[in-house]
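J.: Any chance you can model this:
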Amino acid sequence: MNRLISEISPDFLVQGFGLHEDEKQVFTGKVGGQEIQLSPTLDDLPLEAKDLKIFCVGLAEASHHFRPGDVLMTGSDDLLDRAFQVMDGIEQRCVVVSLTPAQESTHLYLSKEQMEPLVQEWRGRKISFLCLWMVDPIDLEGKAKLVTILRKVILKD
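T.: This next block holds a predicted model:
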(Lines give C-alpha, C1' and ligand atoms only; values in the text may rest on other atoms or scores of the structure.)
Protein backbone atom coordinates (compact mmCIF):
# COMPACT_ATOMS: atom_id res chain seq x y z
CA MET A 1 0.00 0.00 0.00
CA ASN A 2 1.38 3.38 -1.05
CA ARG A 3 0.15 6.47 0.81
CA LEU A 4 0.56 9.95 -0.66
CA ILE A 5 0.51 13.01 1.60
CA SER A 6 0.69 16.57 0.29
CA GLU A 7 1.41 19.79 2.17
CA ILE A 8 0.16 21.69 -0.87
CA SER A 9 -3.10 21.43 -2.78
CA PRO A 10 -3.18 17.77 -3.87
CA ASP A 11 -5.05 18.44 -7.13
CA PHE A 12 -1.89 17.83 -9.17
CA LEU A 13 -1.45 14.41 -7.50
CA VAL A 14 -5.08 13.47 -8.18
CA GLN A 15 -4.64 14.41 -11.85
CA GLY A 16 -1.07 13.13 -12.23
CA PHE A 17 -1.91 9.69 -10.86
CA GLY A 18 -5.45 9.53 -12.25
CA LEU A 19 -6.92 9.04 -8.78
CA HIS A 20 -10.66 8.75 -8.24
CA GLU A 21 -12.78 9.35 -5.17
CA ASP A 22 -14.10 6.17 -3.52
CA GLU A 23 -17.21 5.72 -1.36
CA LYS A 24 -15.31 6.94 1.74
CA GLN A 25 -14.40 10.16 -0.13
CA VAL A 26 -10.75 9.13 -0.28
CA PHE A 27 -8.77 9.44 -3.51
CA THR A 28 -7.36 6.10 -4.65
CA GLY A 29 -5.89 4.60 -7.78
CA LYS A 30 -3.24 2.30 -9.20
CA VAL A 31 0.15 2.85 -10.77
CA GLY A 32 1.47 -0.19 -12.57
CA GLY A 33 -0.52 -2.52 -10.33
CA GLN A 34 0.57 -0.69 -7.17
CA GLU A 35 -2.32 0.66 -5.10
CA ILE A 36 -2.09 4.34 -4.13
CA GLN A 37 -4.17 6.29 -1.65
CA LEU A 38 -4.06 10.02 -1.02
CA SER A 39 -4.22 10.66 2.72
CA PRO A 40 -5.95 13.94 3.58
CA THR A 41 -4.10 14.20 6.91
CA LEU A 42 -1.11 12.71 8.65
CA ASP A 43 -3.30 11.46 11.48
CA ASP A 44 -4.97 8.45 9.86
CA LEU A 45 -1.96 6.55 8.53
CA PRO A 46 -2.19 2.79 9.20
CA LEU A 47 1.38 2.43 10.49
CA GLU A 48 0.85 -1.25 11.29
CA ALA A 49 -0.04 -2.12 7.69
CA LYS A 50 2.28 -4.53 5.91
CA ASP A 51 4.20 -3.18 2.92
CA LEU A 52 3.25 0.42 3.74
CA LYS A 53 5.19 3.06 1.83
CA ILE A 54 4.64 6.73 2.63
CA PHE A 55 5.34 9.49 0.10
CA CYS A 56 5.12 13.14 1.18
CA VAL A 57 5.38 16.17 -1.06
CA GLY A 58 5.53 19.82 -0.17
CA LEU A 59 7.28 23.15 -0.48
CA ALA A 60 10.49 24.55 0.95
CA GLU A 61 11.76 28.10 0.96
CA ALA A 62 14.81 29.11 -1.05
CA SER A 63 17.93 29.81 1.01
CA HIS A 64 21.65 30.11 0.46
CA HIS A 65 21.74 26.28 0.36
CA PHE A 66 18.67 25.65 -1.80
CA ARG A 67 17.84 27.11 -5.20
CA PRO A 68 14.37 27.49 -6.75
CA GLY A 69 13.49 24.23 -8.50
CA ASP A 70 15.71 22.05 -6.29
CA VAL A 71 14.09 18.95 -4.84
CA LEU A 72 14.95 18.37 -1.18
CA MET A 73 14.45 14.90 0.20
CA THR A 74 14.70 12.69 3.21
CA GLY A 75 13.56 9.12 3.62
CA SER A 76 14.35 5.52 4.29
CA ASP A 77 17.47 4.21 2.56
CA ASP A 78 15.56 1.98 0.13
CA LEU A 79 13.40 4.80 -1.25
CA LEU A 80 16.18 7.41 -1.13
CA ASP A 81 18.32 5.16 -3.34
CA ARG A 82 15.48 4.81 -5.84
CA ALA A 83 14.81 8.55 -5.80
CA PHE A 84 18.50 9.27 -6.52
CA GLN A 85 18.41 6.93 -9.52
CA VAL A 86 15.22 8.52 -10.83
CA MET A 87 16.53 12.07 -10.40
CA ASP A 88 19.80 11.17 -12.13
CA GLY A 89 17.74 9.82 -15.02
CA ILE A 90 15.75 13.05 -15.43
CA GLU A 91 18.72 15.27 -14.54
CA GLN A 92 16.95 16.86 -11.56
CA ARG A 93 19.12 18.50 -8.89
CA CYS A 94 18.32 17.00 -5.50
CA VAL A 95 19.62 17.61 -2.00
CA VAL A 96 19.35 15.19 0.92
CA VAL A 97 18.30 17.06 4.03
CA SER A 98 18.00 16.33 7.73
CA LEU A 99 15.03 17.56 9.74
CA THR A 100 17.10 17.74 12.93
CA PRO A 101 19.87 20.35 13.18
CA ALA A 102 23.47 19.11 13.03
CA GLN A 103 22.41 15.44 13.10
CA GLU A 104 24.75 14.57 10.26
CA SER A 105 27.25 17.01 8.83
CA THR A 106 26.73 15.50 5.35
CA HIS A 107 23.07 16.60 5.26
CA LEU A 108 21.79 20.16 5.23
CA TYR A 109 19.14 21.10 7.78
CA LEU A 110 15.56 21.81 6.67
CA SER A 111 13.16 23.25 9.23
CA LYS A 112 9.91 21.24 9.08
CA GLU A 113 8.72 21.12 12.70
CA GLN A 114 5.45 19.29 11.99
CA MET A 115 7.20 16.57 9.93
CA GLU A 116 10.20 15.89 12.16
CA PRO A 117 8.41 13.78 14.85
CA LEU A 118 6.60 11.79 12.15
CA VAL A 119 9.82 11.08 10.28
CA GLN A 120 11.44 9.93 13.54
CA GLU A 121 8.49 7.61 14.21
CA TRP A 122 8.59 6.18 10.68
CA ARG A 123 12.33 5.57 11.02
CA GLY A 124 11.82 3.92 14.40
CA ARG A 125 9.15 1.61 12.97
CA LYS A 126 11.31 0.91 9.88
CA ILE A 127 8.59 2.12 7.51
CA SER A 128 9.62 2.86 3.92
CA PHE A 129 9.06 6.57 3.29
CA LEU A 130 10.18 9.37 1.02
CA CYS A 131 9.60 13.08 1.60
CA LEU A 132 10.13 15.45 -1.32
CA TRP A 133 10.00 19.21 -0.98
CA MET A 134 10.36 21.44 -4.02
CA VAL A 135 11.98 24.80 -3.40
CA ASP A 136 9.62 27.72 -4.12
CA PRO A 137 8.33 28.83 -6.49
CA ILE A 138 6.63 25.65 -7.67
CA ASP A 139 4.97 25.87 -11.07
CA LEU A 140 3.17 23.38 -13.30
CA GLU A 141 6.48 22.00 -14.54
CA GLY A 142 7.66 21.53 -10.94
CA LYS A 143 4.46 19.71 -9.99
CA ALA A 144 4.81 17.50 -13.08
CA LYS A 145 8.39 16.67 -12.02
CA LEU A 146 7.21 15.66 -8.55
CA VAL A 147 4.58 13.36 -10.07
CA THR A 148 7.18 11.87 -12.45
CA ILE A 149 9.64 11.24 -9.61
CA LEU A 150 6.99 9.63 -7.40
CA ARG A 151 5.60 7.53 -10.24
CA LYS A 152 9.04 6.18 -11.16
CA VAL A 153 9.98 5.47 -7.53
CA ILE A 154 6.68 3.61 -6.95
CA LEU A 155 7.05 1.61 -10.19
CA LYS A 156 10.54 0.35 -9.28
CA ASP A 157 8.99 -2.46 -7.21
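J.: for stretch 80-89, which positions count as buried?
T.: Taking 16 or more other Cβ atoms under 10 Å as the basis for neighbour counts, the residues of stretch 80-89 that come out buried are 80, 82, 83, 86, 87. Just so you know, the C-beta spots here come from the backbone N, C-alpha and C atoms, and that holds for glycine as well.
J.: got these as a markdown table, with secondary structure, pLDDT and distance to residue 109 columns?
T.: Conversion of the buried residues of stretch 80-89 to a markdown table gives the following (DSSP: H, G, I helix; E, B strand; the rest coil; pLDDT from 0 to 100; distance: Cβ to Cβ, whole Å):
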| residue | secondary structure | pLDDT | distance to residue 109 |
| --- | --- | --- | --- |
| 80 | helix | 95 | 17 |
| 82 | helix | 95 | 24 |
| 83 | helix | 95 | 19 |
| 86 | helix | 95 | 24 |
| 87 | helix | 93 | 20 |
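J.: Show me how far the helix or strand bottoming out on mean pLDDT in the chain is from its chain's centre.
T.: Sorted by mean pLDDT, DSSP states H and E, the helices and strands of the chain end with strand 108-109, the least confident at a mean of 85. Per Cα atoms, centre = their mean, to the nearest Å, the displacement of strand 108-109 from the mean C-alpha position of its chain is 17 Å.
J.: mind checking pLDDT for the residue lying farthest from the centre of the chain?
T.: Of all residues in the chain, the one whose C-alpha sits farthest from the chain's mean C-alpha position, using Cα atoms, centre = their mean, is residue 23 at 25.5 Å. pLDDT for residue 23: 89.
J.: And the helices in the chain?
T.: Residue ranges of the helices in the chain, as given by DSSP state H, are 11-16, 77-89, 116-124, 140-155.
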